[in-house]
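Chemist: Output the structure for:
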Amino acid sequence: MTTLKIHNLETAPEASKPFIEKSQKAYGMIPGLHGVLAGAPKIFEAYQTLHELFTETSFNEDELTVVWQTINVEHACHYCVPAHTGIAKMMKVDDEITEALRNETPLADAKLEALRTMTLTIVRNRGHVSQEDLEAFYAAGYGEQQVLEIILGLSQKVISNYTNHIANTPVDAPFQGFAWSKK
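Modeler: Predicted coordinates:
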């Protein structure tokens, strides 16, 4: 089992302290992932920047959740799946969406299912998608912008998922009730 140090305001490198303070203010705590990322200020900055940018895309709360959680589940992130389950609840995403994503079952909403499928295709094929994949995605009501926005979300999730795998980040107390493991 691997671990990395989880920093707090006192132990974080000086350049990470503004990001730690931002997390503390935003969440009322320092999420474990953020404490780990603090060990390298530029990755912490990149993660927070990508997160903000992704939340400003054309995706609504349900769609953001579909992209995030599809990637989290595919990457088997023990930390991010519970965290994004809690985040989805805060964003008022329907529990049926969250449970389908956690259980890797198709979504009832055809448009959201097309988003889940395209996200999986991009992740599993390392960005190699067919024209047929794109056409099916476009037929569901999405466009080229959303293909690129999935890649933005994936960029954020690679940072968090891979960091959590290496750090073996403990799930934060508020999300422990949403514990999850890949089937």
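
Chemist: need the contact list for Phe178.
Modeler: Going by C-beta atoms under 8 Å, 6 or more residues apart in numbering, Phe178 touches 81-83, 85-86. To be clear about C-beta, it is placed using only N, CA and C from the backbone, and glycine gets the same treatment.

Chemist: ok, of these, which one's closest to Ala46?
Modeler: Of all those, the one sitting nearest Ala46 is Ala83; the distance, using C-beta to C-beta, is 18.3 Å.

Chemist: what's the spacing between the closest one and Tyr162?
Modeler: Ala83 sits 15 Å away from Tyr162, taking C-beta to C-beta, to the nearest Å as the criterion.

Chemist: Also Ser16?
Modeler: From Ser16 to Tyr162 the distance is 18 Å (C-beta to C-beta).

Chemist: higher neighbour count, these two?
Modeler: Higher neighbour count among Ser16 and Tyr162: Ser16, with 23 against 12, using other C-beta atoms under 10 Å.

Chemist: can I assume that one is in contact with Gly35?
Modeler: No - using C-beta atoms under 8 Å as the test, Ser16 is too far from Gly35 to be in contact (9.5 Å).

Chemist: Show me the common contact partners of these two, please.
Modeler: Shared contacts of Ser16 and Gly35, counting by C-beta under 8 Å, 6+ apart, come down to His7.

Chemist: What pLDDT is listed against the residue nearest the centre of the chain?
Modeler: With the centre of the chain defined as its mean C-alpha position, the nearest residue by C-alpha atoms, centre = their mean is Trp68, 3.8 Å away. Looking at Trp68, its pLDDT is 98.

Chemist: That one: what's it in contact with?
Modeler: By C-beta under 8 Å, 6+ apart, the neighbours of Trp68 are 80, 84, 87, 153, 157.

Chemist: The last one reaches Thr70, doesn't it?
Modeler: If I follow you right, that is Lys157. No - in this structure, Lys157 is not within contact of Thr70 by C-beta under 8 Å, at 9.2 Å.

Chemist: from the contacts of Trp68, which is closest to Glu96?
Modeler: His84 (15.4 Å).

Chemist: Scan the protein for its longest helix.
Modeler: helix 144-167 (DSSP state H).
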